[in-house]
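A.B. asks: The following comprises the amino acid sequence and a computationally predicted model.
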Amino acid sequence: MASRYFFRSTSRTSLVLALLSVAACAGNGQGLDANGQPLAAGSSGSLPPLSADFASIQANIFTPICSVCHIGGGAPEGLRLDAADSFNLLVGVPSTEVPSLMRVKPGDPANSYIIQKLEGHAAVGAQMPFGCPSTQPCLTPTTIAFIAQWITDGAPPPAAAATVHAAAPLAVTAIVPDDAEPVSESPPQIMVAFNRDLDVTQIDSRSMHIEKIVPGESSASTLVSEVVPARVSVSSSNLRALMVWPSRPLVSGHYRLVINAGAPTQVSDMQGNALALGAPSESGESVISNFDVEVRP
Amino acid sequence: MIQRLTLAALLALVALLRAVPAEAEPYLAVMTGYKCDVCHINPTGGGMRNDFGVTYAKVLLPAETVDNVLDSWTGKITDRLRFGGDLRTDWSRDTTPNTPSQQAFALEQFRVYGDFTIIPEKLGIYVDEQIAPNGSTNEEAYVRYGNTNEGLYLKAGQFYLPFGWRLQDQTAFVREVTGISMTTPDKGIELGYEHSAWSAQFDVTNGSANATTGSGYQIVSQVVYTKSLWRLGLAGSDEVSSAGDRRMTGLFAGLRTGPIAWLAEGDLVHDDSLERSEVAGLLEADWRVLKGHNLKLTAEYMDPDRAVRNNQQTRYSFVYEYTPIPFLQLRAGYRHYFGIPQSNSQNQQLTFFELHGYY
């Protein structure tokens, strides 16, 4: 009896001690901004007030709320909403759940899928933030109104990002699909995101093409079995999002996306800076993406 | 007399089911020493309860049993067809620094489950559908082949992934950091193995980043060794997507010391695209104060980026669960988040009262 009492008493004491032992581990936040990221030089670290511009929406909504889940390799629907990716994966990009709707359609919040998801009347899936749990309630109508107003204003990119990127060379920031990963069905389009606005006058269907290939031991021994005609366009609502639309569904096989060497135009930004690429092949072409299609019957 | 007969029948059922591997809601599983499939249709736990799970909910879980009225209720409509459901509604108050407090009544979830056994212990179809809020959403729908109580089985369709403790609180740090919870089912196949004290699963699915695009895949595997007083589990996941690989490792354990069931889990997540490693930990103690009364204390830890200093977060919860009669539970709780002082959302407090009905 005494041992049982001792055992129970010890259990209760250990319960309190064990739980307290994990306590007091929260960070003190020194050197971090309000979203827990290291402070940039000269930054105060305080959040800008919520307003109808992208930088404010990113700092107040997308980063602290959405990117808890929508980040990195596990981001639902491939939609990454961290500061580095969100604009390019939102504006002018078709949603994956309802491809007929753009995630953000500049000037048209009612037909922007993000608004439908936040308001809870999208045709597919749960309201965002996912299911609106008590710890992360649905965004208030006032908060959503700021996002809607930004879209109504044409969904302009963040001014700060444009300043930062101005010094960087034009580069690809994301390609979907990419990296020799199997795609289970023919992708309706290949999306290439850039770090700066593209000069649309320099881009047409001669800029890029899709090749069906038979991989060799090296890039030099890779055989091109077919060139797939494709339409190339830049989203009018997001000059950093380039879409390559195959003229027909891609059958199973290995593919690559190639920037044409002999094209009269080249992918460049508004200042005329050409896309920075790796070493081209002997023909002068540069492969920017490899992907496999494995169409399931 | 009726109570004694019911108890005798229950003990006989326990003895029968102990011969095969069995489990329940995590703390109940640890407290009883059962495996998940003792109480749930789904061998990895959660969702619809089986005959024993319903009997446990009627007789052993509540403070008071109800005679006669529920004796014949097991959720079975016919020998082959079974239904179940789960409804949670609550009032909560969210207090966040520098922000007006919010309070609201909410319907957290209403789910219905259905299970159709086509060939007993060999072939069946299972469905878990969330009816409300926000319209109908399919959570699980799969075909299972094989005996989920012993030996190998195969699931194909949409289901929850096996990774760590399948907690009731989907907002726990370990569930948010891994992205695997009972709100994030995935489509694919699962090969499972149940034998004696061992449970193992091997899943190949689309991966959350590839749900619609079809690009990439996710592999999840888990092994659990269960004894009457303790259990130990190891889980791993590798998700390949166009954004980059995401790898996760989890170690979780349960221990019973007297009236207290302990649950612990530690997860390490590495995201190639972000070049970021995250860590999350959970320590939970469930103290069965009296029959029908449970005090749940949790302490949680999260480091959202190991390369960044001073950004860790913790969370503490105090929840009292009272089950007065079968199939009805009242819960009251308080959670306090601690994070960096400049973030309001990382320092919120939540108070809630919940009514939980299930059948």
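C.D. replies: Yep, that arrived. This structure is a prediction, so every number in the text was calculated from the model and none was measured. Residues are numbered from 1 along each chain as shown, chains lettered A, B, ... in the order given.

A.B. asks: and the residue lying closest to A:Asp153 once chain neighbours are set aside, which of the three is it?
C.D. replies: Ranked by Cβ to Cβ, 6 or more residues apart in numbering or on different chains and with sequence neighbours excluded, the top spatial neighbour of A:Asp153 is A:Ala52, at 6.3 Å. All C-beta spots, glycine's among them, are computed from the backbone N, C-alpha and C. Three-state assignment for A:Ala52 (DSSP: H, G, I helix; E, B strand; the rest coil): coil.

A.B. asks: count of residues packed around A:Ala52?
C.D. replies: A count of neighbours around A:Ala52, defined by other Cβ atoms under 10 Å in any protein chain shown, yields 16.

A.B. asks: so who does it touch?
C.D. replies: Shown in contact with A:Ala52 (Cβ atoms under 8 Å, 6 or more residues apart in numbering or on different chains): A:146-147, A:149-150, A:153.

A.B. asks: hmm, 7 Å instead?
C.D. replies: A:Ala52 makes contacts with A:146, A:149-150, A:153, as judged by Cβ atoms under 7 Å, 6 or more residues apart in numbering or on different chains.

A.B. asks: I'd like the residues you listed laid out as JSON lines, including pLDDT.
C.D. replies: Below are the contacts of A:Ala52 laid out as JSON lines (pLDDT from 0 to 100):
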{"residue": "A:Phe146", "pLDDT": "89"}
{"residue": "A:Gln149", "pLDDT": "88"}
{"residue": "A:Trp150", "pLDDT": "90"}
{"residue": "A:Asp153", "pLDDT": "82"}
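
A.B. asks: Next one: the residue nearest to A:Asp153 relative to chain B, how far apart?
C.D. replies: Look at A:Ala52 and chain B: by Cβ to the nearest Cβ, to the nearest Å, they are 20 Å apart.

A.B. asks: Quick check: that residue vs A:Asn60, distance?
C.D. replies: 11 Å (Cβ to Cβ, to the nearest Å).

A.B. asks: and if you look at A:Gln271?
C.D. replies: Distance from A:Gln271 to A:Asn60, by Cβ to Cβ: 31 Å.

A.B. asks: which of those two has more neighbours?
C.D. replies: A:Asn60 (19 against 10).

A.B. asks: so the more buried one touches A:Leu50, yeah?
C.D. replies: Yes. Between A:Asn60 and A:Leu50 a contact is recorded at 4.5 Å, counting by Cβ atoms under 7 Å.

A.B. asks: and A:Val224, how many neighbours?
C.D. replies: By the criterion of other Cβ under 10 Å, A:Val224 has 12 neighbours.

A.B. asks: Then A:Ala171?
C.D. replies: Neighbours of A:Ala171 (other Cβ under 10 Å): 13.

A.B. asks: Ramachandran angles for it?
C.D. replies: When quoted as degrees, to the nearest 10, the phi and psi of A:Ala171 stand at phi -150, psi 160.

A.B. asks: And for B:Ser181?
C.D. replies: Here is the backbone geometry of B:Ser181 (degrees, to the nearest 10): phi -160, psi -170.

A.B. asks: pLDDT score assigned to it?
C.D. replies: With respect to pLDDT, B:Ser181 has a value of 89.

A.B. asks: Okay, it and B:Gly250: tell me how far apart.
C.D. replies: B:Ser181 sits 13 Å away from B:Gly250, going by Cβ to Cβ.

A.B. asks: List the beta-bridge partners for residue 269.
C.D. replies: The chain I'm using is chain A. Beta-bridge pairing of A:Asp269 under DSSP bridges involves A:Leu198.

A.B. asks: The chain in question should be chain B.
C.D. replies: Applying DSSP bridges to B:Val269 gives these bridge partners: B:Met248, B:Glu278.

A.B. asks: was I right about it contacting B:Ile180?
C.D. replies: No. Using Cβ under 7 Å, B:Val269 is not in contact with B:Ile180; the gap is 10.3 Å.

A.B. asks: quick one, which of these two is more surrounded?
C.D. replies: Between B:Val269 and B:Ile180, counting by other Cβ under 10 Å, B:Ile180 is the more crowded of the two (27 against 23).

A.B. asks: What segments of the chain are helices?
C.D. replies: All of this is about chain A. A:2-21, A:54-57, A:86-90, A:113-119, A:141-152, A:159-166 (DSSP state H).

A.B. asks: hmm, I had chain B in mind actually
C.D. replies: Assignment of helices within chain B using DSSP H yields the ranges B:2-18, B:26-32, B:51-59, B:173-178.
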